[in-house]
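1. sharing a model that was predicted from the sequence below.
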Amino acid sequence: MSYVEMPGAKVPIRMWTDPATVEDVALQQLRNVATLPWIKGLAVMPDVHYGKGATVGSVIAMQGAVCPAAVGVDIGCGMSAVKTSLTANDLPGDLSRLRSKIEQAIPVGRGMHDDPVDPGRLYGFGTAGWEDFWGRFDGIAEAVKFRHERAERQMGTLGSGNHMIEFCLDQSDSVWLMLHSGSRNIGKELAEYHIGVAQKLPHNQGLVDRDLAVFVTDTPQMAAYRSDLYWAQEYAKYNRAIMMGLLKDVVRREFKKAKPTFETEISCHHNYVAEESYEGMDLLVTRKGAIRAGSGEFGIIPGSMGTSSYIVKGLGNEKAFNSASHGAGRRMSRNAAKRRFTVRDLEEQTRGVECRKDSGVLDEIPGAYKNIDQVMEQQSDLVEVVAKLKQFICVKG
């Protein structure tokens, strides 16, 4: 579909979904964002839903300003995927051992590595820039400096919530590895610290929503935020790369006879800020629950722990600021999902998937998410599908 345009105070709100299907609180958030003095454009993805300050599934383009709450508290959260040489014929009849080996190699939930992972020993991991990255740690916000050891031990860990590791089959029965994670606790602390700083600044007093507080260019607060933001985005990228390296090691050990090989990895943030130019303007583009989908650029759009996911290629639609959705998007809150569904529902909706089927992941039940195929139809002018994947193993925190 092409977008639907709603009027906004400063800019129109371009929506790649039917506004009638969007919850009222999310619509109000979009209207609030459109009032910001610095805004130059607002694009809304089909997976849009309520979030803190700004909706999840929104792309906000501003000139000379950035809103930390519109990035999301998991700075740099995103996806990685890689196609392997394995096929369905290589898979064992019992997948529980493989899932167990993944969980042994990669800590989930609040788990950490006993010692920091040495990236030099990982298959296919490039260590260029690694020492420089950690060398910048002492320059980030005072609020998190004392957590250096924790940040190192959390590097290469999954986390919880909707973060996941999956083994999938495409429509040609090729095996893919896919994972979803971000900047872990340190990214969250940096985000919350800077949101608090922004809310106290004079120019943010009187905004319709205090969670939309921004930093403006040529101020020390903006400089400090951007430094920490880009470091956290880099942390998230490294975190996914290390997990993928650990995952490849599991595959190589468990499928020795098949001698698996791996194609080039696809990786994309979906909670981040980028400097981009549109219509002759240099803008700070914030994607919160959205991926960049420039012409020919690869991306990943997952469904849920029991539905399909998509590898896509961007069509470069500038009306959407070269963006697309980051997934199916929730259609109900976590608490609502726990009230509505039972463990038996979870077992039914994840039939055929080797995964947790207990009350601890009930809020991640497929029924709590929008229909991924419908979401993909709504953004057919934003991306083209390269591969459709279906998981057979899903590891959750």
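-> Cool, the structure landed.

2. contacting residues for Gly120?
-> Thr127 (C-beta atoms under 8 Å, 6 or more residues apart in numbering). The way it works is simple: take the backbone N, C-alpha and C, and place the C-beta from them, glycine included.

3. can you tell me the closest non-neighbouring residue to Cys77?
-> Excluding its sequence neighbours, the residue lying closest to Cys77 (C-beta to C-beta, 6 or more residues apart in numbering) is Gly182, at 3.1 Å.

4. Lys10 too?
-> In space, Lys10 is closest to Ile39, 5.2 Å off (C-beta to C-beta, 6+ apart).

5. can you get me a residue count around Arg339?
-> 10 (other C-beta atoms under 10 Å).

6. now it. Its backbone dihedrals?
-> Per-residue torsions, Arg339: phi -70, psi -40 (degrees, to the nearest 10).

7. for it, give its distance to Leu362.
-> 10 Å (C-beta to C-beta, to the nearest Å).

8. pull out the buried residues from the top helix by length along the chain.
-> Taking DSSP state H as the criterion, the chain has its longest helix at helix 220-254. For helix 220-254, burial by neighbour count (16 or more other C-beta atoms under 10 Å) applies to 222, 224-226, 228-229, 231-251.

9. centre of the chain to that helix, how far?
-> Centroid separation for helix 220-254 versus its chain: 12 Å, with C-alpha atoms, centre = their mean, to the nearest Å.

10. so for stretch 143-152, mean pLDDT?
-> What stretch 143-152 shows for mean pLDDT is 86.

11. what's that stretch in contact with?
-> The list of residues contacting stretch 143-152 from outside it, by C-beta under 8 Å, 6+ apart, reads 112, 116, 134, 137-138, 184-186, 189-190, 193, 235.

12. send me it as PDB with only the CA atoms.
-> Provided in PDB are the C-alpha atoms of stretch 143-152 (Å, rounded to 0.1, in the frame of the first residue of the first chain):
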ATOM      1  CA  ALA A 143      26.300   7.300  35.400                       C
ATOM      2  CA  VAL A 144      27.600   4.100  34.000                       C
ATOM      3  CA  LYS A 145      31.400   4.300  34.300                       C
ATOM      4  CA  PHE A 146      31.700   2.000  37.200                       C
ATOM      5  CA  ARG A 147      30.100  -0.900  35.200                       C
ATOM      6  CA  HIS A 148      33.000  -1.600  32.900                       C
ATOM      7  CA  GLU A 149      33.400  -5.200  34.000                       C
ATOM      8  CA  ARG A 150      29.700  -5.900  33.700                       C
ATOM      9  CA  ALA A 151      29.600  -4.300  30.300                       C
ATOM     10  CA  GLU A 152      32.400  -6.600  29.200                       C
END
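
13. how about the residue most central in space within the chain: what's its closest non-neighbour residue?
-> The centroid of the chain falls nearest to Gly78 when counting by C-alpha atoms, centre = their mean (3.0 Å). Spatially, and ignoring its direct neighbours in sequence, Gly78 is nearest to His269 (4.0 Å; C-beta to C-beta, 6+ apart).

14. cool, Gly139 as well?
-> Ser227 (6.6 Å).

15. in terms of contact, does that neighbour touch Asp138 like I think?
-> No. Contact criterion C-beta atoms under 8 Å: Ser227 and Asp138 do not qualify, at 11.8 Å.

16. picking up where we left off before, quick one: contacts for the residue nearest to Gly78?
-> 76-78, 233, 236-237, 287, 291-292.

17. re the thing from before, now do the contacts for the residue nearest to Cys77.
-> With the criterion set at C-beta under 8 Å, 6+ apart, Gly182 makes contact with 74-78, 159, 163, 236, 239, 271.

18. show me which of these is closest to Pro260.
-> Among the contacts of Gly182, Asn239 lies closest to Pro260 (C-beta to C-beta), at 22.9 Å.

19. distance check, that closest one against His163.
-> 10 Å.

20. between those two, which contacts overlap?
-> Common neighbours of Asn239 and His163 (criterion: C-beta under 8 Å, 6+ apart): 181-182.

21. how far away is the residue nearest to Gly78 from Phe341?
-> Counting by C-beta to C-beta - His269 and Phe341 are separated by 30 Å.

22. what do you get for Leu229?
-> For Leu229, the distance to Phe341 equals 36 Å [C-beta to C-beta].

23. now Met79
-> 25 Å.

24. settle it for me: which of the two has more neighbours?
-> Using other C-beta under 10 Å as the criterion, Met79 and Phe341 rank with Met79 on top: 24 against 20.

25. now do the contacts for the more buried one.
-> 178-180, 240, 266-268, 270, 291, 299-300, 302, 326.

26. any idea of the pLDDT on it?
-> 98.

27. beta partners for it?
-> Assessed by DSSP bridges, Met79 has beta-bridge partners His180, Cys268.

28. and Gly72, how many residues sit next to it?
-> Other residues within reach of Gly72, judged by other C-beta under 10 Å, total 25.

29. surely it and Gly51 touch.
-> Yes. Counting by C-beta under 8 Å, Gly72 touches Gly51, with 7.1 Å between them.

30. the most far-flung residue of the chain relative to its centre in helix, strand or coil?
-> Distance from the centre of the chain peaks at Lys257, with 34.2 Å (C-alpha atoms, centre = their mean). Here Lys257 is recorded as helix under DSSP: H, G, I helix; E, B strand; the rest coil.

31. quick one: it from Asp90, how far?
-> The value you get for Lys257 to Asp90, if C-beta to C-beta is used, is 8 Å.

32. what does Glu142 give?
-> From Glu142 across to Asp90, the span is 51 Å (C-beta to C-beta).

33. neighbour count for these two, which is higher?
-> Counted by other C-beta under 10 Å, Glu142 and Asp90 do not tie: Asp90 has more neighbours, with 15 against 8.

34. separation between Ile242 and Leu122?
-> Counting by C-beta to C-beta, the gap from Ile242 to Leu122 is 7 Å.

35. again, but for Asp381
-> 39 Å.

36. His49 too?
-> Relative to Leu122, and taking C-beta to C-beta, His49 is found at 35 Å.

37. many thanks, I have nothing further to ask.
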